[in-house]
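*Asks:* predicted structure and sequence below. I'll ask about it afterward.
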Amino acid sequence: MVVPRGLLGGDESEDDDDRVEDTDREEEDGEGRSIVMRMAQTSSLAGVLQAMRASVSQKSNKQSAICTVALSSEGMHVQWEDETKNIQSQVMVRKDSFVDIRASRSSTSRLVFGVSLNQFADTLSLFASSPSSQSPPASLGFVEVTLRYPNHENQLEIEMCENNTAPIEAAPHPREVHTYAKLSTVETPNISDWLEHWQDPESSFHVSSSLLREAIEDLEWPGGCITLCIAKEPPQVYLSSTGQGSLSIRLPESEVTGLQCPSDHVEHSYNHKQLKVALTSVSNSSDESCSILTKVSISSQGILKVMHMVNSLQQVQPQTGVTLHGSAGYFESQSRNITRTGIVQYVILPVDTSLQGLQA
């Protein structure tokens, strides 16, 4: 439920001080563990959660899709897997993306809980749609969003503070509007990290998103699974599908960079819908300063990992991913500044492969 707290004047700072004092008192008494995280805006996080929600199967009950959320002084980690156990998605937001993170003295480790992915994504999207969130700071003021867990009812509490500096006739003085949501939490779903079963050597490549998008759309016609083939010499990437018909697409060699292949060729097949979600769920931008980069990797068993690195201070929309093109060493480089970023990651199992089979 999202509830507006109303127009608040100068006394609001006193309320905040009282809340801090209550937290300190709980810490001194040794009761409970809690964490408070403040963000300057939620558009990026809302966008990546909407992208994660895109991986929910249409046959699944979106309202009952429960994700695992872990909060710590290092940032936020959200994880979800489809009930088919064939696709898993994660969002990792670094601590640099938050204005401030404050954990109680007893919260030295992560706080982990389950929450509705649908409610979490919709709440942050609603806050991101606020006029103050979408306007330059000088025009309508600033917005700050605070996440608190747990509150006194063991809920995830999300509060948005809009400090509106632009006067209006009804309220000529600067004012604050507080809106908050309380999301019920549940027992943490039993979700394992599939990458624990990742085996080297891996194959990987980078290519422009427009080519991947066109290839995925064209391969929808045959109606079958998509086979991804990586050849070492010459370095080439093929995508093919056989169903009502057969179609094979070779990505131009000049557009494929950073290709790594441990053998002459690597070939695995994936579900078309799952592959489409992994490759096209994060935003597309033609801007050269675009803050979304993507790397595609395949393990020796055929596990596919698609990693989108997102500048979490930028606004994103859940449409199509931009790949890391022409910068093969980005993810391996230790010299680049990758702070203030979040990661959206998809892991897909190849066709006719189960998680139990990997664990065997």
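*Replies:* That came in fine, so what should we check first? Numbering: from 1, shown residues only.

*Asks:* alpha carbons only for contacts and neighbour counts from here, please
*Replies:* OK.

*Asks:* over to the nearest residue to Ile303 once chain neighbours are set aside: give its phi and psi.
*Replies:* Nearest residue to Ile303 in three dimensions, chain neighbours excluded: Leu349, at 5.0 Å (Cα to Cα, 6 or more residues apart in numbering). With angles defined as degrees, to the nearest 10, Leu349 sits at phi -90, psi 140.

*Asks:* partners of the host helix or strand of Ser240, with directions?
*Replies:* Ser240 belongs to strand 236-242 when assigned by DSSP states H and E. Sheet pairing here is set by DSSP bridges, and for strand 236-242 it gives strand 226-231 (antiparallel), strand 246-250 (antiparallel).

*Asks:* quick one: low-confidence ranges for this structure?
*Replies:* Residue ranges of the chain with pLDDT under 70: 1-32, 55-64, 105-108, 131-142, 164-174, 209-210, 283-293, 311-341, 355-360.

*Asks:* go with 50
*Replies:* 3-31, 136-140, 284-290, 313-340 (pLDDT under 50).

*Asks:* would you state the helices of it in chain order?
*Replies:* Along the chain, the stretches classed as helices by DSSP state H are 12-29, 43-53, 117-128, 131-134, 137-140, 209-218, 272-280, 355-359.

*Asks:* bridged to the residue lying closest to Met52 once chain neighbours are set aside, which residues?
*Replies:* Setting aside the residues directly before and after it, Met52 is nearest to Ser89 in space (Cα to Cα, 6+ apart), at 6.3 Å. According to DSSP bridges, the residues that bridge with Ser89 are Trp80, Tyr346.

*Asks:* Trp80 is in contact with Ser89, correct?
*Replies:* Yes - at 5.4 Å, Ser89 and Trp80 qualify as touching, with contact defined as Cα atoms under 8 Å.

*Asks:* common neighbours of the two, please.
*Replies:* Met52 (Cα atoms under 8 Å, 6 or more residues apart in numbering).

*Asks:* okay, now the residue nearest to Ile303: neighbour count?
*Replies:* 26 (other Cα atoms under 10 Å).

*Asks:* how about it, what does it touch?
*Replies:* Leu349 touches 86-87, 270, 302-304, 355, counting by Cα under 8 Å, 6+ apart.

*Asks:* now do the nearest residue to Ala215 once chain neighbours are set aside against Lys295, distance only.
*Replies:* Leaving aside its sequence neighbours, Ala215 sits nearest to Ile249 (Cα to Cα, 6+ apart; 6.8 Å). When distance is defined by Cα to Cα, to the nearest Å, Ile249 is 20 Å away from Lys295.
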